[in-house]
Each structure stands twice: as C-alpha cells, then as structure tokens.
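In: Need the 3D shape of this:
(one chain, ligands or ions: 1)
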Amino acid sequence: MKNEKSRDYRALYRSKINKKYIKNPYQIRMNVVMINNKTPLFIYIIYPTARSCLHMHKYIIKGGNRLRGSVRLKAAKNSVLALIAASVLTEDDVVLKNCPDLTDIANKLKIINGLGAKALYNGEDIFINAKNALNTNISKKLAESLRSSFVLLGPMLSRFKRARIYLPGGCAIGERPVDIHLSALRSLNVKIAENQNAIVCDASEMRGGDIVFGFPSVGATQNIMMAAVCADGTTRISNAAKEPEITDLQNLLNAMGADVSGAGTSVITVKGVKKLSGAAYAPVPDRIVAGTLVIAAAVCGGELTVQNCRPYQLAALFGALKNNYCDIECGSDYIKIKSGGRLGALPDIATDPYPSFPTDLQPQITALAAVCDGVTRITERIFENRFNHAVELEKMGAKIYIDGRTALIRGVDRLRGAEVTAHDLRCGAALAVAALKADGISVVNYAERIDRGYENFEETLRELGADIVRVAECSRKPLRKIFDK
Ligand code: EPZ
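Out: Numbers count the residues shown, from 1 in each chain. Presented below is the predicted three-dimensional model:
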C-alpha cells in the first residue's frame, strides 16, 4: 500500500518523465518512493537518449540569423549553489523556487544527498531536508567537480563542529586558492590542518570575531556567513563581497531565523543565534544568463526581451553598450534590447567585484568586441587565466592581442565558422554567441560544459531564431544534413 506522499512522488516522477527528461534528459536524478508508508526507497534514473551518451557533446551552429523573442529567467546558479549549502544548517525543510536544471546544481545536490540529506527537484523547485545529514566525507570526485563544494565547509562546521573536505575544482580559469576562507575561519577560532589534499577543521571552540578580507571573495564571504550564523558572539566581515548572491544568502538565512545584516555593502555583521529553522525562498534571477542573452542580441542583431530579471544588477554591462548601435530599455523586471547594425568599439572594460563589470561576462563581451567596428581594450582583474576563449575566437577570424591580463581586440567585419572548444562554461557561451554571427557552420566542442550554467541553452537560442543543434560525438550524421529541413 502506498500512501498519499508516495502518490505525490509518483506523479512527480511521471511528470518528470513526460516533460522534463524528454526535453532535457541529460542528468541523473533521484526519485523517492515510500514503501509500507514509511521506508523511503531512493531510485536513481538515467534516461538513455543522446544527452546521456558518454561522448562529448557539440553544438552545430549556422550563423547569420537575428534573434527575436523573449526569455524568462530562472534563479541564479551561483546563488542556488550557496543556498543549497545553507540548507544543511537546519533540520527542517528548505524549498528553493524556480531553479534551473544545471549540472553544477545536480552535482551539489548529489553532494548533500551523499551526506545523508534528502534533496530533490519537484518541477522547478528544489526540496531539501538535511535532518539526517551526517558529518561524512564528501567524495573527492564530487568535491572536485565544482568550486562551490567548498562552500559547504561553513555550514558543516556550524552544524557538526568538525569537517573534512577536499580542495574544490571548478572551471579552469586560474589558481583559485582557498587561503582567504581558511584564514577567516582561523579568526573564528577554528583549528585547521591539511591532510592528503583535504582540509580538516575542528570548530568545537568556534566563536564570533572580526575579519578583514584581503580581497572580497564571494565564496569566502558565503562560507564565513554560514560558519558564524550559530556561533557564540558577533562576527564582522570587512571588505566582504557585495554580489547579489551574498544578499540572497543573507535573505535566506534571515528567513531561517538568523541575524545577518549589511549584505550588499562591504561590512557584514552576523550575530550568532541558537538555531535555524526551515524556509521557502525564491533566489534572485540569473544576471549572467541575462547578460549573455543581451550580448547575443547585440552581436546578432534583432529584438530580445529578457523577463524576470533585475536590470540594475547589469548597470556595468549597459554602461559598456551605451551610445552604441543598440537600444536598451529597462523596466523594474525586464530588459528589452533592439539592435540593428554593427556596433562601434566598446569603451575600456575592466572586470572587478560587483557592481563593476562581472568576470562571468568577460568572455561573452570579448566575443562582441570581436565583431565591433574599432579596437576595444578588455582587462581581466579577477581570474589570472580567463582568456581561454581568445585563441578559439581567433580560429573564427577574430583579431585579439593578449598582453598579460589585458586583451586588445580589433573588431572584424565578419567571423567565419570554425571548429572550436569550450574550455570552460563562460568560454563555451562566448563561442556559441560568436558562432551565431559567423559565416557558415561552426562546431563548439564540449557543449556539456555550457550545461553547468545555462539551462537548455541551445533550445533557448533556437526559440529565438538561431540555427543551432546539439549532437553527441557518436552521431554519424554528416554536418551538411543537420540543417536540412
Ligand atoms: C564565484 O567564485 C563564482 N562561483 C564565480 O562564477 C565567479 O566568477 C566569482 O565568484 C567572481 O564573481 C560561484 O559562486 C560558485 P572568489 P568564487 O572567491 O567564490 C581569488 C561562473 O562562471 N581567491 O570571489 O570562487 C580567486 O583565485 C563562475 O559562474 C583567492 O586568492 O570567487 C579569484 O582570483 C566561475 N583566495 C578571486 O579571488 C581565496 O581564498 C575571486 O574569487 C578565494 C579567492
């Protein structure tokens, strides 16, 4: 006999098969069925379609189409990843609404399920209950699959007072050390040792303290906010990150009963509370997806509306596009961009912490500069190795000269289709955007890296009028046949 709950799960299960997996069957998902009304049976399902093929995936893109239409944003990947970590702080249910279906999020859910929590998608929402979470090891492979695995350290120390965690992985865009996280934890009286590539922490005597970051690290700010949330006393983080993902974390923590203030400014104050409870929360929409689409429209021309966004978070991008050949109209929750001709050179752009130009849009704006009329100078100040896209854009005919952390881009009239490699997530998005403009057909290898941060990117672009398909490397279909209608 199956109870009410199990019927819900089965309905959820069927609707997933019918809607979500057919559309995006790439991920392995956990489903729960109740046996005898009480024992949950966890079932992992892989759907055998092209997307679950173990081969490399490619985008095949025929350039030249304008983009036209509208896109509704979902929650920001980098916010959801931190909020999932926050769910470990309570034994109650946490619900995150309107979340995208991304490999980074799926991996983060796998990590907390591995700790003994129950986390699953219900349609667009994520349900998490970490009551039975234990202080067990996170597998090395999963820890290395994404940078944000390390942001579980703060919540684990708060909840279990001890943790052993492997150094994180993530996109290959620089060294990405964790020294700021660790020295801040030491200021909270956490004892830290390194053992076989893992960090071992003892927070049995953790207490609030004053911390001054040498750099406003997003991940370290999140880790310390969550470590300190139930610690004795008050923690003050100076030179904290100001990104919208930090404000989102503050909002969720406060909805759970925490006492955190100052997010969005460079000083955050966390007054320790005894206990946190559950909450339902809608994370901020993804400004990087919004920015990528706006840039795609500026590259290809056309008319595009991005709905459910926070335009003020993209002020630096709009500054770069101001007084150029595109009209941008912003409402409180939408952006409309109309672009006709070739844009002139962009003003000097330098990435820096929020609210300056985001590093996560630097590859995409480089793709735009590659087709502007004139020379654009772009400086990358956050990551020391984030010009992987330049060499690939050059294969399409772009003229880019890199000098240290600065790229000088001499815009060309036309790009030509080429076979290029998505070295990382944003590099892949930038190459897809360039390919939409290039003459002829382009192939973007390792398209699955784009799934880390863009839900159904190819479908979104196709609905806007782009000629783009996704194939697994095992596909034997000749390229020329792919666009035969
Ligand atoms: C977050 O990474 C994002 N990732 C990144 O998103 C984003 O590019 C970055 O913030 C900057 O906005 C997630 O939220 C999961 P940082 P994070 O700590 O937290 C150095 C994307 O494409 N640093 O602010 O790792 C570090 O090496 C990505 O979605 C130290 O030196 O960023 C880097 O140069 C990729 N020591 C700079 O600070 C430390 O202990 C910024 O890193 C920590 C960081």
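
In: which residues touch the residue of the chain found nearest the ligand?
Out: Residue nearest to the ligand within the chain: residue 219 (2.9 Å; C-beta to the nearest ligand atom). C-betas here are computed from N, CA, C, even on glycine. For residue 219, the contacting residues are 147-148, 150-151, 178, 181, by C-beta atoms under 8 Å, 6 or more residues apart in numbering.

In: ok, and which of those reach the ligand?
Out: By C-beta under 6 Å from any ligand atom, the members of the contacts of residue 219 lying near the ligand are 147-148, 178, 181.

In: end to end, how far does stretch 277-288 reach?
Out: Start to finish, the residues bounding stretch 277-288 are 31 Å apart (C-alpha to C-alpha, to the nearest Å).

In: How is the residue of the chain closest to the ligand assigned, secondary-structure-wise?
Out: What DSSP: H, G, I helix; E, B strand; the rest coil gives for residue 219 is helix.

In: For it, give its distance to residue 182.
Out: 12 Å (C-beta to C-beta, to the nearest Å).

In: How about residue 372, nearest residue that isn't a chain neighbour?
Out: Closest residue in space to residue 372, ignoring its immediate chain neighbours: residue 411 at 3.9 Å, by C-beta to C-beta, 6 or more residues apart in numbering.

In: My read is that the one you found contacts residue 373, right?
Out: Yes: Residue 411 is in contact with residue 373 according to C-beta atoms under 8 Å; the separation is 5.6 Å.

In: so what sits against both of the two?
Out: 342, 345.

In: So which of these two has more stuff around it?
Out: Using other C-beta atoms under 10 Å as the criterion, residue 411 and residue 373 rank with residue 411 on top: 20 against 14.

In: Model confidence at the more buried one, what's the number?
Out: Among the per-residue scores, residue 411 holds a pLDDT of 98.

In: list the contacts for it?
Out: Residues near residue 411 by C-beta under 8 Å, 6+ apart: 342, 345, 369-376, 399.

In: Looking at those residues, state which has the most neighbours.
Out: Counting neighbours by other C-beta under 10 Å, the top entry in those is residue 370, with 29 neighbours.

In: contacting residues around that one?
Out: Residues in contact with residue 370 (C-beta under 8 Å, 6+ apart) are 393, 396, 398-400, 409, 411-412, 415, 434.

In: I'd like the ones next to the ligand among the contacts of residue 219 laid out as a markdown table, including secondary structure, neighbour count and pLDDT.
Out: Below are those laid out as a markdown table (DSSP: H, G, I helix; E, B strand; the rest coil; neighbours: other C-beta atoms under 10 Å; pLDDT from 0 to 100):
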| residue | secondary structure | neighbour count | pLDDT |
| --- | --- | --- | --- |
| 147 | helix | 20 | 89 |
| 148 | helix | 24 | 90 |
| 178 | coil | 19 | 93 |
| 181 | helix | 25 | 97 |
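
In: which bits of the stretch 151-300 of the chain sit near the ligand?
Out: Within the stretch 151-300 of the chain, the positions near the ligand by C-beta under 6 Å from any ligand atom are 171, 174-181, 215, 217-220, 241.

In: Looking at the contacts of residue 219, spot the one nearest residue 209.
Out: Distance to residue 209 across those (C-beta to C-beta) is lowest for residue 181, with 14.4 Å.

In: For the nearest residue to the closest one once chain neighbours are set aside, give me its contacts.
Out: Using C-beta to C-beta, 6+ apart and skipping residues adjacent in sequence, the residue nearest residue 181 is residue 220, 4.5 Å away. By C-beta under 8 Å, 6+ apart, the residues touching residue 220 are 178, 180-181, 184, 213, 241.

In: right, and the pair among these with maximum separation?
Out: 178 and 241 (14.7 Å).

In: Could you check how many residues crowd around residue 162?
Out: When counting by other C-beta under 10 Å, one arrives at 15 neighbours for residue 162.

In: OK, contacts around it?
Out: Neighbour list for residue 162: 135, 156, 200-204 [criterion: C-beta under 8 Å, 6+ apart].

In: cool, and residue 214?
Out: Residues counted as contacts of residue 214 (C-beta under 8 Å, 6+ apart) are 180, 239.

In: if we go to 7 Å?
Out: The contact partners of residue 214, by C-beta atoms under 7 Å, 6 or more residues apart in numbering, come to residue 180.

In: who does residue 351 bridge with?
Out: Beta-bridge partners of residue 351, counted by DSSP bridges, are residue 357.

In: Quick check: it touching residue 381?
Out: Yes: with contact defined as C-beta atoms under 7 Å, residue 351 reaches residue 381; the gap is 5.3 Å.

In: okay, those two: which has more neighbours?
Out: A direct count of neighbours by other C-beta under 10 Å for residue 351 and residue 381 places residue 351 higher, at 21 against 16.
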